[in-house]
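Could you look at this predicted model? Sequence included:
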Number of protein chains: 4
Amino acid sequence: MNTFGRIFRFTSFGESHGAAIGGVIDGMPAGISIDTLLIERELHRRATGENIYSSSRKEQDNVEILSGVFDGLTLGTPIGFIIHNNDVRSDDYKELEHLFRPSHADDTYFHKYGVRDWRGGGRASARETAVRVVVGAFAKMLLQQHGVTVTAKVAEVGGIAIKTDCTAASMPHTAGGNGVAVKTTDGTPHHTADSNGVAVNTTDGTPHHTADSNGVVANTAADMLLQEVRATGDSIGGIVECTVLGVPRGLGEPLYDKLTSRLAAAMMSINATRSFEIGQGLRATTMRGSEHNDKWNADGTTQNNYCGGVRGGISTGENIVMRVGFKPIPSIPKTQTMLSDKGELVEHSIHGRHDVTCVFRAVPIVEAMAAVCLADFILLLK
Amino acid sequence: MNTFGRIFRFTSFGESHGAAIGGVIDGMPAGISIDTLLIERELHRRATGENIYSSSRKEQDNVEILSGVFDGLTLGTPIGFIIHNNDVRSDDYKELEHLFRPSHADDTYFHKYGVRDWRGGGRASARETAVRVVVGAFAKMLLQQHGVTVTAKVAEVGGIAIKTDCTAASMPHTAGGNGVAVKTTDGTPHHTADSNGVAVNTTDGTPHHTADSNGVVANTAADMLLQEVRATGDSIGGIVECTVLGVPRGLGEPLYDKLTSRLAAAMMSINATRSFEIGQGLRATTMRGSEHNDKWNADGTTQNNYCGGVRGGISTGENIVMRVGFKPIPSIPKTQTMLSDKGELVEHSIHGRHDVTCVFRAVPIVEAMAAVCLADFILLLK
Amino acid sequence: MNTFGRIFRFTSFGESHGAAIGGVIDGMPAGISIDTLLIERELHRRATGENIYSSSRKEQDNVEILSGVFDGLTLGTPIGFIIHNNDVRSDDYKELEHLFRPSHADDTYFHKYGVRDWRGGGRASARETAVRVVVGAFAKMLLQQHGVTVTAKVAEVGGIAIKTDCTAASMPHTAGGNGVAVKTTDGTPHHTADSNGVAVNTTDGTPHHTADSNGVVANTAADMLLQEVRATGDSIGGIVECTVLGVPRGLGEPLYDKLTSRLAAAMMSINATRSFEIGQGLRATTMRGSEHNDKWNADGTTQNNYCGGVRGGISTGENIVMRVGFKPIPSIPKTQTMLSDKGELVEHSIHGRHDVTCVFRAVPIVEAMAAVCLADFILLLK
Amino acid sequence: MNTFGRIFRFTSFGESHGAAIGGVIDGMPAGISIDTLLIERELHRRATGENIYSSSRKEQDNVEILSGVFDGLTLGTPIGFIIHNNDVRSDDYKELEHLFRPSHADDTYFHKYGVRDWRGGGRASARETAVRVVVGAFAKMLLQQHGVTVTAKVAEVGGIAIKTDCTAASMPHTAGGNGVAVKTTDGTPHHTADSNGVAVNTTDGTPHHTADSNGVVANTAADMLLQEVRATGDSIGGIVECTVLGVPRGLGEPLYDKLTSRLAAAMMSINATRSFEIGQGLRATTMRGSEHNDKWNADGTTQNNYCGGVRGGISTGENIVMRVGFKPIPSIPKTQTMLSDKGELVEHSIHGRHDVTCVFRAVPIVEAMAAVCLADFILLLK
C-alpha cells in the first residue's frame, strides 16, 4: 500500500540508493498555478545538511515533473514526478548486507519479503520522505486557495520543551504577507516536570526561526543537549508540533475516517514516529471534564481550543493542533551489537551519514502529511 | 466512511436512540465456528453498568446475526447483525435539542450535516462501540486460529498509573487455559512526576482483574480519585494499554498502511481518544539512540521490546504494545454553559446517564479495534 | 467485497433463506426528504409475481429503515435497513443440498468457500437484488435533486426486439408530470437479422408499459415466445436497455474509473448478466469512423448520440444509453443432469418457484445500479 | 482515479506529448525474477507501426525501471517506471488547440477540467496504454508462477469474423513450450447475418498469427476490407477475444467485485471500447435455459464452457473467455466538421498519424488488463 488518501491521493516509489524516487499525485484539481519555488523551498527545508545536526548527504533533490501540468497549470490529470538519487555511496552500506541494525527495519523487511535492498535502508529509508514533501507542496498550493495554512515546529528535543513565538516573518511557507502569527496554545510546556525538562524561554521575544527555517534554536539548553549527544556519537528523540490555521468547519468523515484517524495514520506512517496527540493529547488523560470541557465563546469558538480543532472527528473551524513524537534515530556512530542474517551477534560501527536527531528535518514532512490530509478532506466537502 | 479495513472489513450504522445499531462484517473467512458466548461476553464487558463508575443505562445488547452464518459456521459471505436499542430515554435529551454541549460533537455534526439526531448524541454516541465489540469478537475468533491474543487493561486513570499483574485466570478472552500472563514492560509508570501521580502497587500480588474483567481496581488511590470525581459531579480521563500476543512476523503494509498507521487510525476513531503511542511512545522522544536501540537476542527478539512489536511499520513477531489516551467524558452532571444553535450561552445541567470515566468500558473496545486490524493484516499475508 | 461505490456507497448482506437481507447506504447527503413510497414502488416492480412470467414466491419485502433518517430527513449518517425473509420454503431446496445445478453458482461457491448455504441459492440468489433496489431508490432521491432520471425497459427477449414508445405516463418513476419521453435512439432494433428476429411493432402507438410497469408486452411475438418457453418448462434470455436523462457533464473519473467502467462493473455484478454495451455497443464494432463519428450540433450535442452519452469515460451531457444482456435463468422445471458433490451425475427436476425470464424483474435492478453509479459520480463532482 | 486494482494494483500518469508516461506497480510479490525481454516484446506488440494498418508514429518505448527491483528480483516494494515520449510532433496538433474532434474526448476533458493538453489527445490518448502493457507484463510474470496464461486475438474486424486456429508456436507469450492451443468455442461467428458479414475461414489450416504476433491476417476478406477503409481515409471497429488458460477455481469476490465485474471495468477503461461479453455474451440473450445450461462432465468441467469460465462471479477453473468490442478510431484523414470551443462548426482535416483500426494494437492491451485482474484476484486467494 504505497498510496495515501482518498480523493487527493498520492502513490510513491523508490529505494534510497535506487535510480530514483518519485510519486504520482492523483486528484489535484485542474487549473491551479504551479509554484515551483514552493516545491524547492520545502525540499530544501527537509534536505540533508540543512543544519549542523543533520546528515551530510547532499542530495540535489531536483524534481522532474513529468505530467499533469501544462502551461504552468494543473490539468486535473495525475502529476508524475521523479527525483534521481545522485549522492549515493552504497559502499558505506556494503558491510550491512548481512547485518540487521538494532531498532531498524532491516530485519522486518527481510522477514516479510525474503529479499531486501540493503543499500541505505532501501525502501525503509527516510529518503522517501522527499516524495512526501513534494506532494505536500502541491497540497499546500491547493490549501492556499482555501485559506488554509499548515505550519509545524520542533516542540521538544530529548524532553526539553522549546517555546517558540513564531512570527509571520519566520514562517517560510507563508509568502505574500498573509502570514498569521502562530502561538502555542497556552505557552506552558507539557513536560516541565520531566527529569530532562529545562524550560526554554527566549528572553527577548525574537523568533527562534529566523536563523533556520526548521526551527533550530541557538544557545539554548536544547542546543547544549544536542551538542553533547553528537559528541558522544549518539542520537536523541523529540516532538514536532503542527498547527493548521484557517480550517473550514466540517472536515473529517466519521466514524472510521475521522480527521483525527486520518491525521494519526498519516503521522504514524512517517519514519521513526512513536506517538500522536491531538489537542491536549496525553495531558487530557489527566484532566477532569469540568477542566477539559472548553468554555464556549458566543461565536462557537472556545476559549482554549483544548480539543485541538476536532470534535467527534470533525473539524470545529478552530486551529488544528497536534503533536508527533519521534524516537531517536537508530543509526548512531557508536559501536553496537548487530544481528547477522545467520543469527550471529556482531559488534559493528555503522558508517554512512546520519542525523543527530530527525526532528528538525521532520518539520516539513509533518507539514506535508498534514497538508495532504487536509487537502483530501477539503475535496470531500461538497 | 463507515467502513473500516481492507480485507477483513466492517461497516456500521446506527444512532444512539434510533431503532437499532448494527453492522456488516465482510471478509470473514468461511468455515469458522461461531462462538456466540464470546460475543456476549465481550458485549457484557463493554456494557453500561458493568461497574459503579459507568452509566446506569441498561442495554440488553441482544445481537441478532442475520446472515453469513449457516449451521454454526461462517459462510465467507457478509455477516449482517443488528442490536435493537431498547432502554432509550430520549426525553432526557429533549432539552438538548437546541443546545451544544461543550467538548461534544453536537455542534460539529450540526454544522457538517445541517441536521442532527440530538437524542443521546445520535451517531456520535459511544453506543456505536457495541458494534465494534461484536466485530472484534469475530476478529478474535479468526485470530484464535492463528494463535493471536489481544488483551487490554486500564493503565492510568487521571494520571495515576495502575500496575496490574494480569494472570491468565483474569483474562476473560483466553479460554482453554492458554492464557499468557501479561506484564507491563518495565513496571514503572510513565508519569510519576505528574501532579496527580500516586504510584499504585498492589501489596499482595493478587490480580486486580479478578473482581472485574475490565480491570476495576478496588481500594486504591485510583479508586479514591474516582470516588471523589463522581462525588463532585465530574469525570476524568485515562489510558488504556493494549498488548497483542502471538503476533506473526510481517504484518503491516508499508509505507502508508504500516501496522502503526492502521492501529493509530483505529484507535483514534474511538470516541474520546486523544493520543496514541506505540512501544515506548512518548517516552521514546526523550531517549537516546544508544538507550532506545534494543539489544538483540540471537533468536531475533530483543531484550526490552522497546519498539512495541513494530519496526518500519512491520510486525517483528514480538508482542505489540500500544497505549491509547482518553479525555474525560464531556457529559458531566455539573451545571455548565451550553451554546444554543442561536448563539446564546445558556447555563444548563445535563440529565441522562453518564460514566465517571470511559476507560473501563473502553478496554474491550480497544481490544476490538486492535483485533480487527490484526485480522485484516493476517488475511493480507500470503 | 460486498461494498459498491466510492462516495455514495452501499454494503449488502443476506442469504436467500436466511433471517434477513439488508444493507447500509453510506455517503447519502444529509437533509434529503425520504420518499418511502418510491422505495415500495421500486420493490414492487422487482417483486416476484409482478407478471405471469415471474416466480410465484411472494415476498412481502417490508423494508425496515433502522438508522440514518430522523424526522423524515436523511442525517448524513449511514442508512441501515433490513428486509426479513418471510415466504421461505427451504424444503424445496433440501434435495439440492448435495447437488450442483448446471450453469449455477452452486459449485463455485462450494469450491471457493468450502461451505455453502444451499437453501434457495444462498448468497448467490437474486433475492439480494431487493437490497440493490432499495439502495437505488435512495440514489434516485438524490438524483432527483439534480434533475437526473434513470429509466430502463426490456429491449429484447430471446432475440426478439421490442419497440416501445415510452410516454411519460407510462414511466412509473417519473411522478409529478416531469416525465420526459424516452425514444430508442434510432428505432431500429439491432438484431433484426437474427434468426429469432421478428421485428415487433405496436400498430396503434399505445405505450406497452401501461399494463405493466416493467414493460410486459401483451399479444406480441415476444409474448408468444414466452408462453411457448414456459409451456416447455424452459427459460429464455434477453436484453434490458437503460437510459439516463438529465445527466450533467463531467461525470466519470478517468482513466480507471471511467463512467463506462463503473457502469459495466455495476451491471456485470447483477445476477445472470453476460454483456454490457454503451451507446452503439456491438454495432459500433461494425461501423466506420465516418459513420460512427457523430455530427456536432453547435450547442455541443450530437445528432445521434452514438456514443451513448460518454466520451473518454466522461459524460457528455447527453443521455446515457446502455444495454445489459441476461442469459436464460438456469433454474428450469425440465429434468436436467446435476453434478453431486461426490462427482456423480444425477438426473433431477428442480422444484421451487422460478421465472421464465429474468429480464422483466431486472428492469428496476438495472435502474438501481445505474442510479447508484450516477449518484456516486455526482457527489465526486466539485 | 488513476489507480486500478486492490492488492496487485497500479497507478499511471502521463500525457501523450508530455515529458514521459509511467506508472507505479504496487503489490507485486517479492522474489520474482524480472523478465525484461517479456516487457519489450509486449511493448513491441503494441507499438505503433507494428503492421501496415497502424499509425506511423515511432515510439522507442524504452522503459526505465526506477525502483522495486534489486539484483534482478522484485523487492515487494513499488515498481516505478517511466517511458519518455520521444517522437512527439505536437505541431501536428496545434491546429486542434481550439477544436473538438467528433466522437473524441476533446470536449469532455475540456468541460470537466476547464483546461486541457490538446497535444496528441493529452491524457485521453491511447499513448497511455503503453503503461498498461508494461504493468501487464509484470502481471504475466506473476501469473506464470501460477500456471495462468492470457492470450488474445482479433476476433472480428468490421463485422467480419476471423477464425484463427492459434497454435502454441504463434502465441508470443507462451515461452517454454507450455503453450496450449486456443480454439474459438464453436467456430461459428456470432454475426454471420450482419450486412458486413462475410465468414472468413482459412482454407489451409495454417495459423494466421505466424506472420504477425497480434494476429494480422493476410489475404482475407478482412484484409480487403481494411485496405478499402484505408484507401477511403476512414477507420473501422472490431472485436478482440481474450482467453485465460490455467485459471484456478475461486477467483472473484462476490457480490460487487465479481470476476466479471472487474474484467468488464478493466476492459471498458481501455480507449474506444464499447462492449464487453463473457462466455456466450450477447448470444446467451437469445438462448434457452435448456440450451445454455451446460452439460456437466463428472470432473466438474462442462462440455461447452458456455459460461466462459465464470459462474456467480467466481472462476470455475475452466478457461475464461471474453470479447471486447472497439469502435472505429475517430481520428480519420477525411475532412470532418469540428466544433470550436467558441461553438463554431468548422470543416477540418486532421493531420497526425493514426491507425485504420485499433484492434490489432488492442490485443496486447486487452491481455494486459486481463492479466492485471487475474493477478490481483490470485493474490486475494488465501
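Nice, thanks for sending it over.

Do a quick rundown of the strands in the stretch 151-300 of chain A.
With strands called from DSSP state E, counting those that start in this stretch, the stretch 151-300 of chain A shows them at A:160-161, A:238-245, A:273-278.

Restricting to C-alpha, output the worst-scoring helix or strand of chain A on mean pLDDT in CSV.
Of all helical and strand segments in chain A, the minimum by mean pLDDT, DSSP states H and E falls on helix A:91-94, at a mean of 75. Output of helix A:91-94 as CSV, limited to C-alpha atoms (Å, rounded to 0.1, in the frame of the first residue of the first chain):
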residue,chain,number,x,y,z
ASP,A,91,29.7,1.2,-0.4
ASP,A,92,29.1,2.7,3.0
TYR,A,93,26.4,0.1,3.4
LYS,A,94,28.0,-3.0,1.8
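
Following that helix in sequence, what is the next regular element?
strand A:99-100 (DSSP states H and E).

what's the spacing between stretch A:288-307 and its chain's center?
From the chain centre to the centre of stretch A:288-307 is a distance of 28 Å (CA atoms, centre = their mean, to the nearest Å).

Phi and psi next, for the residue in the stretch 101-250 of chain A that chain D sits nearest to.
Nearest residue of the stretch 101-250 of chain A to chain D (CB to the nearest CB) works out as A:Y113 at 3.7 Å. All C-beta atoms are positioned from the backbone trio N, CA, C, and that covers glycine. Dihedral pair for A:Y113: phi -110, psi -20, per degrees, to the nearest 10.

How are the helices of chain A distributed by residue range?
A:36-46, A:91-94, A:106-113, A:129-144, A:221-231, A:259-268, A:289-292, A:359-380 (DSSP state H).

in the stretch 1-150 of chain A, what residue is nearest chain B?
A:A105 (2.4 Å).

Show me where the stretch 101-250 of chain A dips below the pLDDT cut-off.
For the stretch 101-250 of chain A, applying pLDDT under 70 flags the ranges A:163-219.

How about the residues of it by chain D?
Neighbours of chain D within the stretch 101-250 of chain A, by CB under 8 Å from any CB of the partner chain: A:K112, A:Y113, A:G114, A:V115, A:R116, A:D117, A:G122, A:R123.

Return a ChimeraX selection command for the buried portion of the residues you listed.
Under the burial definition 16 or more other CB atoms under 10 Å in any protein chain shown, those of those that qualify are selected in ChimeraX by:
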select /A:112,113,115,116,117,122,123
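
ok, and which of the residues of the stretch 101-250 of chain A next to chain D reach chain B?
A:K112, A:R123.

And for A:I79, nearest residue in space, chain neighbours not counted?
Spatially, and ignoring its direct neighbours in sequence, A:I79 is nearest to A:G68 (3.3 Å; CB to CB, 6 or more residues apart in numbering or on different chains).

neighbours of the one you found, just the number please.
Neighbours of A:G68 under the rule other CB atoms under 10 Å in any protein chain shown: 28.

separation between the residue nearest to A:A272 when sequence neighbours are not counted and chain D?
Nearest non-adjacent residue to A:A272, counting by CB to CB, 6+ apart: A:F326, 4.8 Å away. Distance from A:F326 to chain D, counting by CB to the nearest CB, to the nearest Å: 23 Å.

Which residues are in contact with A:L142?
Counting by CB atoms under 8 Å, 6 or more residues apart in numbering or on different chains, A:L142 makes contact with A:F8, A:M28, A:P29, A:I32, A:A375, A:I378.

My read is that the third one contacts A:T74, right?
Yes - in this structure A:P29 lies within contact range of A:T74 using CB atoms under 8 Å: 6.8 Å.

what are the bridge partners for the residue nearest to A:A272, then?
A:G238, A:T273 (DSSP bridges).

Equivalent analysis for A:C242, please.
Beta-bridge partners, per DSSP bridges, of A:C242: A:A152, A:M322.

A:V321 versus that one, what's the distance?
8 Å (CB to CB, to the nearest Å).

burial of the spatially closest residue to A:H84 that is not a sequence neighbour, as a residue count?
Nearest-residue entry for A:H84: A:A20, 4.7 Å, with adjacent residues in sequence omitted and distances by CB to CB, 6+ apart. Neighbourhood size, A:A20 [other CB under 10 Å]: 19.

Can you tell me what sits against stretch A:310-317?
Residues outside stretch A:310-317 that contact it (CB under 8 Å, 6+ apart) are A:247-255, A:257-261, A:278-279, A:300-302, A:307, A:309, A:320, A:377, B:103-105, B:107-109, B:111-112, B:124, B:269, B:271.

let's see 6 Å
A:247, A:249, A:251-252, A:254, A:258-260, A:278, A:309, B:105, B:108, B:112, B:124 (CB atoms under 6 Å, 6 or more residues apart in numbering or on different chains).

ditto for stretch A:77-86
For stretch A:77-86, the external contacting residues (CB under 6 Å, 6+ apart) are A:20-22, A:24-26, A:28, A:60-61, A:63-68, A:130, D:2, D:13, D:22, D:123.

for the residue of the stretch 101-250 of chain A found nearest chain C, what are its contacts?
Per CB to the nearest CB, the residue of the stretch 101-250 of chain A with the smallest distance to chain C is A:G250, at 10.2 Å. Applying CB under 6 Å, 6+ apart, we find A:G250 in contact with A:L381, B:H111, B:K112.

For B:P333, state which of those residues is nearest.
Using CB to CB, B:H111 comes nearest to B:P333 of the contacts of A:G250, at 26.8 Å.

Quick check: that closest one touching A:R249?
Yes - look at B:H111 against A:R249 with CB atoms under 6 Å: they come within range, at 4.7 Å.

Count the neighbours of the closest residue in space to A:Y256 that isn't next to it in sequence for me.
Spatial nearest neighbour of A:Y256, chain neighbours left out: B:F4 (3.9 Å); criterion: CB to CB, 6+ apart. Counted with other CB under 10 Å, residues neighbouring B:F4 total 25.

tell me which parts of chain A are close to chain C?
Residues of chain A found near chain C (CB under 6 Å from any CB of the partner chain): none.

Kindly provide the whole-number mean pLDDT of stretch A:298-315.
Stretch A:298-315 shows a mean pLDDT of 97.

give me every residue that touches the residue nearest to A:H84.
A:I82, A:H84, D:L66.

swap in A:A155?
A:I239, A:E241.

Kindly recompute the last result at 7 Å.
A:A161, A:I162, A:I239, A:V240, A:E241, A:R323 (CB atoms under 7 Å, 6 or more residues apart in numbering or on different chains).

try A:A362
Shown in contact with A:A362 (CB under 7 Å, 6+ apart): A:V240, A:I270, A:F326.

Distance check, it against A:V24.
Distance, A:A362 to A:V24, using CB to CB: 24 Å.

And for A:D91?
In this structure, A:D91 and A:V24 are 32 Å apart, going by CB to CB.

neighbour count winner among the two?
A:V24 (31 against 10).

Quick check, pLDDT for the more buried one.
pLDDT at A:V24 comes out at 98.

Who does it form a beta bridge with?
Where A:V24 sits in a bridge, its partners, by DSSP bridges, are A:T11, A:G80.

Quick check: it touching D:F13?
Yes - using CB atoms under 7 Å, A:V24 is in contact with D:F13, at 4.8 Å.

who touches both of those two?
In contact with both A:V24 and D:F13: A:P78, A:I79, A:G80, D:N2, using CB under 7 Å, 6+ apart.

Next, count neighbours for the third one.
Under the neighbour criterion other CB under 10 Å, A:G80 is assigned a count of 32.
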